[in-house]
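the sequence and its predicted three-dimensional model are supplied below.
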Amino acid sequence: GMHEMNAMQTMAEKVAVASNSFCQGDMGMVMYMDGFRWTLKEEGNSCLNLYFASWTLNSKGKVFGAMAGVFLLAVLAEGISKIRHNLSLRARDVSTPLSERRKIAIFQTLLHGLHAFIGYTVMLATMTFSLELLCCVIFGLTTGYFVFGGESYSHVSTNPCCAFLEDEALERTFTSERAAENTRASISSVPSEAGNCCS
């Protein structure tokens with residue numbers, strides 16, 4: 001009797017709170033099932049979980065916090081790309097001692113794993129189909145590219161989960177092309193004999 005009525009009233013209060021809150025549903029979803037949405041603008045959206053079930057974005061403050069975190073992760077992805085590029089150049093320098101090259105190789109391996117982890121973490125944020133999080137990812141990658149001078153080294157991919165693989169391939173290609181250009185330049189600088197096919 002009374003116990004059941006109290007239980008029903010408590011449940012009704014929870015439903016009312018959920019329906020009047022920032023988003024719908026206490027448990028949250030990992031993504032919007034019907035495509036991209038504005039999390040802050042549109043009312044009646046389902047609550048989103050970012051990465052973990054306990055990280056439910058059920059208030060505007062939490063959404064803004066998630067946006068800031070995703071933005072910083074995207075900037076960090078670009079920063080790690082630049083660090084790995086610089087380390088690769090250092091390891092290829094003939095004046096670098098062998099012992100230092102071994103340390104660089106270990107550090108590069110650790111950075112490889114960290115870069116992959118951050119790249120996939122950023123990618124998962126975009127897969128929530130929240131337009132705010134998507135914009136923060138793009139803005140973070142763009143900001144990081146500008147801050148760390150992405151135009152000054154081999155960096156073409158804007159997808160961080162793939163860039164850490166592409167950077168190494170591009171750096172090897174660039175090094176090979178530069179060596180080939182130096183070889184051609186040295187050959188062309190040798191004066192040709194009169195009457196041969198090079199004159």
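Good, I have the coordinates.

buried residues in the lengthiest strand in the chain, which are they?
As assigned by DSSP state E, the longest strand anywhere in the chain is strand 24-29. Within strand 24-29, the residues that count as buried by 16 or more other CB atoms under 10 Å are 24, 28-29. For the C-beta atoms, the positions are set from N, CA and C on the backbone; glycine is no exception.

what about the chain, any weak spots by pLDDT?
Filtered on pLDDT under 70, the chain yields the residue ranges 1-21, 154-199.

which parts of it are strands?
Using DSSP E, strands in the chain cover 24-29, 46-49, 56-57.

residues near the nearest residue to residue 45 once chain neighbours are set aside, how many?
In space, and not counting its chain neighbours, residue 45 is closest to residue 23: 5.2 Å by CB to CB, 6 or more residues apart in numbering. When neighbours are counted by other CB atoms under 10 Å, residue 23 registers 23.

hmm, residue 49 and residue 23 touching each other?
No: look at residue 23 against residue 49 with CB atoms under 8 Å: they stay out of range, at 11.0 Å.

now for those two: what residues contact both?
Both residue 23 and residue 49 are contacted by residue 57, under the criterion CB atoms under 8 Å, 6 or more residues apart in numbering.

so how far is residue 133 from residue 149?
Residue 149 sits 26 Å away from residue 133, taking CB to CB, to the nearest Å as the criterion.

the more surrounded of these two?
Counted by other CB under 10 Å, residue 149 and residue 133 do not tie: residue 133 has more neighbours, with 26 against 12.

the more buried one and residue 69 touch, don't they?
No: in this structure residue 133 lies outside contact range of residue 69 using CB under 8 Å: 9.6 Å.

if we ignore the residues flanking it in sequence, what's nearest residue 127?
residue 31 (5.8 Å).

one more: residue 133?
The shortest distance from residue 133 to any non-neighbouring residue, by CB to CB, 6+ apart, is to residue 125 (4.8 Å).

kindly report the same for residue 96.
The spatial neighbour of residue 96 that comes closest, neighbours along the chain excluded (CB to CB, 6+ apart), is residue 90 at 5.9 Å.

burial measure for the one you found, as a count.
Residues near residue 90, counting by other CB under 10 Å, number 14.

next one: the one 5 residues further on
When neighbours are defined as other CB under 10 Å, residue 95 has 6 of them.

got a list of what it touches?
Residue 95 sits next to no residue when contact means CB under 8 Å, 6+ apart.

please apply the same query to residue 75.
Residue 75 neighbours (CB under 8 Å, 6+ apart): 140-141, 143-144, 147.

at 7 Å what do you get?
Residue 75 makes contacts with 140, 143-144, as judged by CB atoms under 7 Å, 6 or more residues apart in numbering.
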